[in-house]
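> give me a model of this one.
(one chain, ligands or ions: 2)
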Amino acid sequence: MRRYGKHTDEDDVRVRPNRKGNRPRTNIRPKHEDAAEGFVLTVDRGRITCLVEDRTITAMKARELGRKAVVVGDRVAVVGDLSGDKDTLARIVRVEERTSVLRRTADDDDPFERVVVANADQLAIVTALADPEPRPRLIDRCLVAAYDAGLEPLLVLTKSDLAPAAPMLETYAPLGLRYVVTSREELADGEAADRVRERLSDRITAFVGHSGVGKTTLVNALVPDRQRATGRVNAVTGRGRHTTTSALALPLPGSTSQAGGSEGSSGWVIDTPGVRSFGLNHIDPSRVIHAFPDLEPGTVDCPRACSHDEKDCALDEWVAQGHAEPARLFSLRRLLATRERREGD
Ligand SMILES: Nc1nc2c(ncn2[C@@H]2O[C@H](COP(=O)(O)OP(=O)(O)OP(=O)(O)O)[C@@H](O)[C@H]2O)c(=O)[nH]1
Ligand SMILES: [Zn+2]
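Ligands and ions are numbered 1, 2, ... in the order given. The predicted model follows:
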């Protein structure tokens, strides 16, 4: 079988355009019952860094896993040398069933969508209110990907010192999205991190956002010892800094202001430098409408198999009657079109 060499850090599972459900199946049967449990922090050219108890270890895929990829967020069974000592290498013998998968889109030289983050339960969509300008099309793509994967979206609007958040919040209000707004000042005094952190506790949150929106600034504020966390990873991978395009899982420091100053991680931030865009090809168009609860009831009067972008679509009337904002219908239609890639995605 052909391998798709460049992307060995990602999932080799082939995704068929939606049959039923979208979870890649695993054929791997439980064995190695005595293996330790690991949590994958990052993957770098086949070297998998995982957390086993409180140790960061390096592992490789066992042969028996075949083409099954191991990705950030995976829960795995690990055997071999689990000391985490320098130059030791453990083996991953099993990937536990994933509760969710985020895929990146296929691209020209790689026709398959691949899993980039497993087991996240929240998708933080980081968008600047200005500089760079918000990109609603991108936000909508992220929303669809989140809903489809079963992740709860969290809209993080940064740079409110440069532009007001109200217009964006108004636009997305019909979706009932959870959101946080941050500014430069609030970043400096810790308010921004506190507010975002509240939404992250006890969850695995994948952070996405295009270049310049302030994602790195925010993640650094959330995980002040990121240096230490990545330092530990680097000590294991032997690289100077985190250079891979793989996502990176960072432990969220436990809240010290609440719950009696509990220590330790109370959630994970998954930074995703490499996720350029989400794969939406596998999404059934009829499921896209679920991301628009303000519009969905209006589709009952649509013709059969309505594309929601045709003359007889009932949604125009629905909007004309004032049940939803025209911007949302526009957005939905744009969304349905986002399954076909366009320049700038
Ligand atoms: N005015 C203002 N600037 C901000 C804010 N947050 C971040 N920035 C600035 O925005 C620029 C981009 O921030 P980054 O954190 O590097 O953005 P990023 O999304 O990680 O972008 P890449 O590193 O390119 O992926 C930096 O100059 C930050 O100082 C904010 O709340 N307000
Ligand atoms: Zn319709």
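> which secondary structure state does residue 192 sit in?
helix (DSSP: H, G, I helix; E, B strand; the rest coil).
> who's in contact with it?
With contact set as Cβ atoms under 8 Å, 6 or more residues apart in numbering, residue 192 has these partners: 182-183, 186, 218, 221. Quick note: C-beta positions are derived from backbone N, CA and C, even for glycine.
> from those residues, list the ones also adjacent to ligand 1.
Counting by Cβ under 6 Å from any ligand atom, 182-183 from the contacts of residue 192 sit close to ligand 1.
> contact residues of the stretch 201-345 of the chain facing ligand 1?
Listed as neighbours of ligand 1 in the stretch 201-345 of the chain under the rule Cβ under 6 Å from any ligand atom: 209, 211-217.
> want to throw the residues you listed into a markdown table with secondary structure, neighbour count and pLDDT?
Converted to a markdown table, those look like this (DSSP: H, G, I helix; E, B strand; the rest coil; neighbours: other Cβ atoms under 10 Å; pLDDT from 0 to 100):
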| residue | secondary structure | neighbour count | pLDDT |
| --- | --- | --- | --- |
| 209 | coil | 24 | 89 |
| 211 | coil | 9 | 84 |
| 212 | coil | 12 | 89 |
| 213 | coil | 23 | 93 |
| 214 | coil | 22 | 92 |
| 215 | helix | 23 | 92 |
| 216 | helix | 16 | 88 |
| 217 | helix | 16 | 91 |
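> could you count how many residues lie near the closest residue to residue 178 other than its chain neighbours?
Closest residue in space to residue 178, ignoring its immediate chain neighbours: residue 154 at 5.1 Å, by Cβ to Cβ, 6 or more residues apart in numbering. Residue 154 has 21 neighbouring residues, counting by other Cβ atoms under 10 Å.
> assumed residue 154 was part of a strand.
Yes. The assignment for residue 154 is a strand, going by three-state DSSP.
> now do the contacts for it.
So, once contact is read as Cβ under 8 Å, 6+ apart, residue 154 ends up touching 122-125, 177-180, 199, 205.
> look at it and report its pLDDT.
Note on residue 154: pLDDT of 97.
> my guess is residue 219 meets residue 269, correct?
Yes. When contacts are counted by Cβ atoms under 8 Å, residue 219 is listed as touching residue 269 (5.9 Å).
> the two: which has the busier surroundings?
More neighbours surround residue 269 than the other of residue 219 and residue 269, with 25 against 21 (other Cβ under 10 Å).
> angles on the backbone of that one, please.
phi -110, psi 120 (degrees, to the nearest 10).
> same deal with residue 117?
The phi/psi pair for residue 117 (degrees, to the nearest 10) is phi -140, psi 130.
> tell me if residue 139 really is in a helix.
Yes. With three-state DSSP as the criterion, residue 139 is part of a helix.
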